[in-house]
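>>> Predicted structure and sequence below. I'll ask about it afterward.
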Amino acid sequence: MSTLIDKIFDILMKQQQLRKIPQVMMIISIFTLIFPNEAIEVKNILINKGSLLLPTPLVKYFAKLQISHEELLSLWFFFLVIFTITLFLDFLRQILLDHTILTISWGNEILLEINSIFFLGILIYNSLYNPGIKLSVMFRSLPYICALLLSSAIFVCLFCLTYCGDLILLYKKITVSHISNKKKVLLSLIFLIATVLIASKILTILFR
């Protein structure tokens, strides 16, 4: 079983398929946000029928692999902090080498994608299950909580720039378009209201 997992991981890394996983999960999360009841129905079908299609050893393996919500959060928090540390070290190295433009290295891109998978996975899970995974930093040291808050802020900014770039370009296109100022204000207001509603919906699902 471990050999099979190693081969799957090698294929994902060599063909850069790992980078497509957050994009697919983004589409699934949008569906679950817009159509929660239908998403739950599809989830139940996949769980009921999927276990029949998968080989028995694989089903048993995933059953043994189950981890608690607290363990999952601990893993995600670890990757968040590691991402911030490596990002700062990488930027520091580039500054010392007198780079005029700071870039994110391939390793940090992988960490960003891993954190994106955690984030979108928890968002999808909380949309499908009630109660879901409760995001909590209780029983953790104050320095670690501060590191998590900083890491979360950096991750959210980079996540939005990476996976929501088209929306940012759309807003920019509205502001520089040649339409009348009234239409610009109206479209910008609609865009901002929709963005706030989506963000509040996501926060409600994550922290309910």
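Cool, got the structure.

>>> Name the residues that touch the helix or strand where residue 118 lies?
When elements are defined using DSSP states H and E, residue 118 is found to belong to helix 106-128. Contacts of helix 106-128 from elsewhere in the structure, counted by Cβ atoms under 8 Å, 6 or more residues apart in numbering, are 18-19, 21-22, 25-26, 28-29, 32-33, 36, 39-40, 43, 72, 75-76, 79-80, 82-83, 86-87, 90, 104, 132-133, 135, 155, 158-159, 162-163, 202, 205-206, 208. From N, CA and C alone the C-beta is placed, and that goes for glycine too.

>>> Off-centre distance for it?
For helix 106-128, the distance between its averaged C-alpha position and the chain's averaged C-alpha position is 3 Å (Cα atoms, centre = their mean, to the nearest Å).

>>> how near is the residue sitting furthest away from the middle of the chain to residue 187?
With Cα atoms, centre = their mean as the measure, the chain has its most outlying C-alpha, relative to the mean C-alpha position, at residue 180: 37.0 Å. Relative to residue 187, residue 180 is positioned 10 Å away (Cβ to Cβ, to the nearest Å).

>>> Repeat that for residue 82.
For residue 82, the distance to residue 187 - Cβ to Cβ - is 40 Å.

>>> Low-confidence ranges, this protein, go.
In the predicted model of the chain, residues 1-19, 51, 54, 58-59, 62, 137-139 satisfy pLDDT under 70.
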